[in-house]
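Asker: sequence unknown, structure follows:
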């Protein structure tokens, strides 16, 4: 099962995960970092920007999880724009080394295969940052997504569109389709780090970590991974049945093991 680390708040999680990323950069300067968007990973990116000062991060490569279909690349809510604004510029990554799925409708039929080829050519993701949707989705893999799925176009559920409408003028402005790394694609990463903060994520988190493996909760696929770390705040951990054990286990973990 995944290791669960319960921390006081999102900022503490951000410092912990950013420290792990910086340690990886020190040993592998051209590491491949899997980038998630949304509000959940922002604390990691803030801490990474602070910790990267004075460190050469110019060789780091990055791959985004997903992208809306049909939003122009320069739209402020395209994930290409979000990653540039929240990660690339603050941390100092080379934008030429950061890749996103192509959501252009004109080439969307081949975009999934092309992204899969680029990921494989990179040698694979070393550490993949993930969030979890209130319905248990992973990336934009909505409930019902196959654990073997690869990068492809998906139709967003109404719940996901409502959740993401806070970034748009209205829910009607949220695109209906996306291109996302599949669950099978995500599971190829060497280390998965799933983040969850707030009571709104508590039910989905419990189902993903402690419930059965099921495509109805795509995030439950992290249970299949050899090196998956789930970092959550107290509110998101509020429904975990084995929270006391997770705290005990992490408190007694050998320091050399890291995350």
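Answerer: Structure received. This is a predicted model, so every value here is computed, not measured. Residues are numbered from 1 along each chain as shown.
Asker: what about residue 74, how many residues close to it?
Answerer: 9 (other CB atoms under 10 Å). Every C-beta, even on glycine, is put in place using the N, C-alpha and C of the backbone.
Asker: for it, what are its contacts?
Answerer: Residue 74 makes contacts with residue 81, as judged by CB atoms under 8 Å, 6 or more residues apart in numbering.
Asker: Which pLDDT does the model give it?
Answerer: On the pLDDT scale, residue 74 is placed at 91.
Asker: Where do the helices of the stretch 151-259 of the chain begin and end?
Answerer: Secondary structure of the stretch 151-259 of the chain, counting by DSSP state H, counting those that start in this stretch: helices at 158-164, 183-187, 202-210, 243-251.
Asker: Packing partners of the helix or strand that contains residue 120?
Answerer: Residue 120 belongs to helix 108-121 when assigned by DSSP states H and E. In terms of contacts (3 or more CB pairs under 8 Å, 6 or more residues apart in numbering; DSSP states H and E), helix 108-121 is packed against strand 152-155, strand 177-180.
Asker: Return the most buried member of those strands.
Answerer: Greatest average neighbour count among the helices and strands packed on helix 108-121 goes to strand 177-180 (a mean of 24), per mean count of other CB atoms under 10 Å.
Asker: Parallel or antiparallel, which strands does that strand pair with?
Answerer: Strand 177-180 has its sheet partners listed here by DSSP bridges as strand 66-68 (antiparallel), strand 152-155 (antiparallel).
Asker: Same list (those strands) but as a markdown table, adding mean pLDDT and distance to residue 30.
Answerer: Shown next, in a markdown table, are the strands paired with strand 177-180 (pLDDT from 0 to 100; distance: least, CB to CB, whole Å):
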| stretch | mean pLDDT | distance to residue 30 |
| --- | --- | --- |
| strand 66-68 | 95 | 23 |
| strand 152-155 | 94 | 28 |
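Asker: Among the ones you listed, which comes closest to residue 164?
Answerer: When those are compared by CB to CB, strand 66-68 sits nearest residue 164, at 9.1 Å.
Asker: Just give me the lowest mean pLDDT stretch among the helices of the stretch 151-259 of the chain.
Answerer: helix 158-164 (a mean of 87).
Asker: ok, residues contacting that helix?
Answerer: Here helix 158-164 makes contact (CB under 8 Å, 6+ apart) with 38, 133, 134, 135, 137, 140, 142, 156, 171, 174, 176.
Asker: out of the residues you listed, which is most surrounded?
Answerer: Counting neighbours by other CB under 10 Å, residue 140 leads those with 28 neighbours.
Asker: pLDDT and distance to residue 15 for the contacts of helix 158-164 - can I get that in JSON lines?
Answerer: Converted to JSON lines, the contacts of helix 158-164 look like this (pLDDT from 0 to 100; distance: CB to CB, whole Å):
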{"residue": "38", "pLDDT": "88", "distance to residue 15": "19"}
{"residue": "133", "pLDDT": "91", "distance to residue 15": "24"}
{"residue": "134", "pLDDT": "91", "distance to residue 15": "25"}
{"residue": "135", "pLDDT": "91", "distance to residue 15": "29"}
{"residue": "137", "pLDDT": "93", "distance to residue 15": "26"}
{"residue": "140", "pLDDT": "91", "distance to residue 15": "28"}
{"residue": "142", "pLDDT": "90", "distance to residue 15": "31"}
{"residue": "156", "pLDDT": "89", "distance to residue 15": "32"}
{"residue": "171", "pLDDT": "93", "distance to residue 15": "34"}
{"residue": "174", "pLDDT": "91", "distance to residue 15": "32"}
{"residue": "176", "pLDDT": "93", "distance to residue 15": "37"}
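Asker: pLDDT weak spots in the stretch 1-150 of the chain?
Answerer: Judged against pLDDT under 70, the stretch 1-150 of the chain has no low-scoring part.
Asker: got the residue ranges for the strands in it?
Answerer: Applying DSSP state E, counting those that start in this stretch to the stretch 1-150 of the chain gives strands spanning 3-7, 32-35, 61-64, 66-68, 98-99, 127-130.
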